[in-house]
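Q: coords below, sequence missing:
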């Protein structure tokens, strides 16, 4: 988990989104609602950035039988929840709610809000709080996670941001060697490599870093299609590099 906290928010969100999709699949499986009795992080693996269950040996399909709500207490180390007992004698939604609260306590609470784009924080906090209180089911949780993905991928989360008036000179087919600085979280441990939606966001990031004097837009993209950009302390070593574009801060 500590290693995951050192990755970019975009990658951590991908893990949570894939977990939300997994829980939706388990809740609506052909066998019925499936619960994972062992939800510790070691029971999962990352495959191409998405969370997968290593095995289903600890999965259970049957809902808990009950005679009254006293039989429908969902117990966790920090707190308990009491669920309804249906007329058919089953605890309503216990499998789904067990999965959801475990997703909250092992993953969402650590990975979702930390270093997220500020405009997305209210929605992410709502998701974390709703899963922590079990006020939502899996369907609503996944719908809200998909909404975050839409806002992030489309750039709508930037609508309320003000564009910087700073001017940058464009140098096509070039890059800057060295002149790196570290930022966090970064896709590159020795430099400041971040994802941006567009050029305006890259300028805003550079303007927000005191040491930034230039940046290089690479030809690489993240899983959401965002450009990866290296932010630099200067531009004294600009060299040709096809497919990359350097932007240097104009004097004055």
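A: Good, I have the coordinates. The shown structure was predicted, so the numbers you read here are calculated from the model rather than taken from an experiment.
Q: so the closest residue to residue 155 other than its chain neighbours versus residue 22, what's the distance?
A: Excluding the flanking residues, the one nearest residue 155 by Cβ to Cβ, 6 or more residues apart in numbering is residue 197, at 4.2 Å. In short, each C-beta sits where N, CA and C put it, glycine included. Residue 197 sits 27 Å away from residue 22, going by Cβ to Cβ, to the nearest Å.
Q: what do you get for residue 70?
A: Separation of residue 70 from residue 22 (Cβ to Cβ): 31 Å.
Q: more crowded one of those two?
A: Taking neighbours as other Cβ atoms under 10 Å, residue 70 and residue 22 compare with residue 22 leading, 20 against 9.
Q: pLDDT at that one, what is it?
A: We have a pLDDT of 95 for residue 22.
Q: surely it and residue 59 touch.
A: No. Taking Cβ atoms under 8 Å as the definition, residue 22 is not a contact partner of residue 59, at 11.7 Å.
Q: helix or strand for residue 109, just tell me which one.
A: Under the criterion of DSSP states H and E, residue 109 resides in helix 109-111.
Q: now swap in residue 3 and tell me
A: Secondary structure from DSSP H and E places residue 3 in helix 2-5.
Q: after that helix, next one along is what?
A: Trace forward from helix 2-5 with DSSP H and E and the next one is helix 9-27.
Q: buried ones in that following helix?
A: Of the residues in helix 9-27, 9-24, 26-27 count as buried by neighbour count, 16 or more other Cβ atoms under 10 Å.
Q: run the chain-centre distance for it.
A: Offset of helix 9-27 from its chain centre (Cα atoms, centre = their mean, to the nearest Å): 8 Å.
Q: pLDDT wise, what is residue 118 at?
A: Reported pLDDT for residue 118: 91.
Q: look up how far residue 54 lies from it.
A: For residue 118 relative to residue 54 (Cβ to Cβ), the value is 35 Å.
Q: please parse this protein into its domains.
A: For the chain, automatic domain parsing gives the domain ranges 2-158, 168-249.
Q: just for this protein, where's the confidence low?
A: Residue ranges of the chain with pLDDT under 70: 1-2, 5, 160-164, 252.
Q: can you check which strand is longest in it?
A: Criterion DSSP state E: the longest strand present in the chain is strand 238-249.
Q: show me where the stretch 51-200 of the chain has its strands.
A: 59-60, 73-75, 80-82, 168-176, 192-196 (DSSP state E, counting those that start in this stretch).
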